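Asks: kindly generate the corresponding structure for this input.
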Amino acid sequence: MLFLQKQKGFSLLEILIGVFLLMIVFIGIIGAYRVGLRVVSQSRLRVLATALANQRVEFARNLSYVDVGTIGGIPPGVIPETETIARNGVDFIVKTTVVYVDDPFDGEAPADALPNDYKRVKVRVSWDSGTSGDVALISDISPKGLETDIGGGNLFVTVFNAVGIPISEAEVHVVNNDVLPVIDANFETNTDGKVLIAGAPASVEGYEVTVSKTGMSADQTYGTEVVAVPNTPHVTVLEGELTQISFSIDTLGSFSIDTFSPFGGGSFADSFVDASRISASQDIFLSGGAVSLASTTEYVPVGSITSISVGPAELVTWDEFFWNDSEPVDTEIRYRILFFDGLSWGEIPDTDLSGNSVGFINSPVDISGLSTTTYPVLRLYAELTTSNSSSTPLLADWQASWIDGNAIAVPNVDVHVQGAKTIGTDASENPVYKYEADVTTDGGGHADISGWEWDSYTFSIIHPSLSLVDMDPAPQPVTLVPGETKSVSLFVAAENNVLFTVTNSETAEPVFSASVRLTRAISGYDKTQFTNAEGQTIFIPLSSDSYNYEISTAGYQTAAGSVSASGNTARAVTLIPSGL
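Replies: Below you'll find the predicted structure:
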């Protein structure tokens, strides 16, 4: 009899799980292997760098004492200050500094007349080959006999921060082209923020000194080729004398600048897609996004519509009442503005809004003269009439705009920033400032400037028709402390401007990033800006003239019209979605 034994195998899911687990194991092994390679490589480079540093130190030790120094340095010598040396395919940067050491054993300068007790050689070898690092070795080299007068003078440099704390490892770059050999050397401050440069050849205002450290500001001496009368001229070193000079550096800061109008604006708009923004109506009909007279077989002679209440927060001033309608022959629409007197809604009297009792027929209506305390809330009213039962007027949309206290970003503003610190005066005895710059805010009214020193700064607007009316923080000047990023809001105003608010005709939601082009052919003005998240953009400054506008964006029909820029003008525009 033949028996068949069923063999059990692996399912596809089990195979996939096994492969996944193996991948995790192998990825870990590969990661560990790569880390090991990196450690081995870094160790190999460090060994090579240490050997190279030892070679350069031994080279210095085998020189005669007089030759122990750097080319162009103080003390002068035969050792290059910076070298690039290749070892095993890797370039190493070798930097050697040699300075005199004033040992406290026999007193220190200025009490010690001979502060050149011995020389200290520091060799730093760095590399950047996939991985980076450095090695530093220091060796002191003494003369065979007693210290002697080496001639020249002594330059003693002290570096501290904004509050007087010493800065160690600051780089002190010294240049003197007036002596032979020419001096071009780098030194480094000790833990007390000091460096003694002994044996500097005598020179009158010949030593150009610059102090810096990564991430910090710089300080320096200045020559008359830079500023007519410098506050800190190049250093004078006299034979046998000690010259002391101090510098102050600290962590760099930055400014985050935003430019705003001191006001904003808004609008109420209704394109009659539905009745949600209508508070009352009589004998009218909504259809196709328009209001018409009601009809069964013939149109009724009179109908009316009233908007919901419009009461903006932080209202500064009302602006315009604007509408689009169609009035065939024998038809008419008259518009009025209503207010609440505490008991009921009624027409604003003609004494406050001339022509309101009769009704307006020409758009727009200027309502900027209305008192915001007397009339904080308004309603729009339209009366439709026809003397032809087969014809009706059509109201397509209406809107009321206003100016409020909600600031809006102003794009492309030129700002001048100037610190209080000076480096001297020019030939006309005008101050020359250490930090000043012009910056232009972007399309969102924002600009960043970085790499600035702690100081007190003043901001101004570079435009004859724009003025700085307020700022935050205030008042000027604005203090920047070391390492700080300071936010500054500048509020600018002009005699004439236009604020556009663009909304969706169906939802009344703001339209973001709509292109708003404003033109005036006579003057050649042609500028395009984009709306922000609130559907707004402001054109400022403008002349007191009429401008044409065109507003477009994907998914909407283009809207066009004209607007008069006179004072603070707000124009609300509704965009109709494509396909409607």
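Asks: what segments of the protein are helices?
Replies: For the chain, the helices defined by DSSP state H cover 12-61.
Asks: and the strands in the stretch 201-350 of the chain?
Replies: Secondary structure of the stretch 201-350 of the chain (DSSP state E, counting those that start in this stretch): strands at 203-212, 219-220, 229-230, 235-237, 242-248, 253-260, 264-270, 278-282, 284-287, 290-293, 302-307, 315-326, 331-340, 345-347.
Asks: rank the ones you listed by pLDDT, which is bottom?
Replies: Among these, strand 264-270 has the lowest mean pLDDT, at a mean of 84.
Asks: so what strands line up beside that one?
Replies: Here strand 264-270 is paired, per DSSP bridges, with strand 394-404 (antiparallel).
Asks: can I get the strand it pairs with in PDB, CA atoms only?
Replies: This file holds the C-alpha atoms of strand 394-404, laid out as PDB (Å, rounded to 0.1, in the frame of the first residue of the first chain):
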ATOM      1  CA  LEU A 394     -32.300  93.300 -12.000                       C
ATOM      2  CA  LEU A 395     -30.000  93.700  -9.000                       C
ATOM      3  CA  ALA A 396     -26.900  91.600  -9.600                       C
ATOM      4  CA  ASP A 397     -25.000  92.400  -6.400                       C
ATOM      5  CA  TRP A 398     -24.400  95.100  -3.800                       C
ATOM      6  CA  GLN A 399     -21.800  95.800  -1.200                       C
ATOM      7  CA  ALA A 400     -20.800  98.200   1.500                       C
ATOM      8  CA  SER A 401     -17.100  98.800   2.400                       C
ATOM      9  CA  TRP A 402     -15.400 100.400   5.400                       C
ATOM     10  CA  ILE A 403     -12.100 101.100   7.000                       C
ATOM     11  CA  ASP A 404     -11.300  99.400  10.300                       C
END
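Asks: okay, angle between it and strand 315-326 too, please.
Replies: Strand 394-404 runs at 170 degrees relative to strand 315-326, counting by axes from the mean of the first three to the mean of the last three CA atoms, to 10 degrees.
Asks: how far off centre is strand 394-404?
Replies: The chain centre lies 36 Å from the centre of strand 394-404; the measure is CA atoms, centre = their mean, to the nearest Å.
Asks: follow-up on the earlier one: just the strands of the stretch 201-350 of the chain: most buried one?
Replies: Greatest average neighbour count among the strands of the stretch 201-350 of the chain goes to strand 264-270 (a mean of 25), per mean count of other CB atoms under 10 Å. All C-beta spots, glycine's among them, are computed from the backbone N, C-alpha and C.
Asks: contact partners of that strand?
Replies: Applying CB atoms under 8 Å, 6 or more residues apart in numbering, the set of residues contacting strand 264-270 from outside is 277-278, 307, 310, 312, 319, 380, 397-408, 499, 501, 503, 505, 508, 536, 568, 570, 572, 574.
Asks: show me which of these are buried.
Replies: 277-278, 307, 310, 312, 319, 380, 397-404, 406-408, 499, 501, 503, 505, 508, 536, 568, 570, 572, 574 (16 or more other CB atoms under 10 Å).
Asks: got the strands of the stretch 201-350 of the chain as TSV, with distance to Tyr556 columns?
Replies: Shown next, in TSV, are the strands of the stretch 201-350 of the chain (distance: least, CB to CB, whole Å):
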stretch	distance to Tyr556
strand 203-212	55
strand 219-220	57
strand 229-230	61
strand 235-237	68
strand 242-248	58
strand 253-260	27
strand 264-270	14
strand 278-282	24
strand 284-287	22
strand 290-293	18
strand 302-307	23
strand 315-326	16
strand 331-340	26
strand 345-347	34
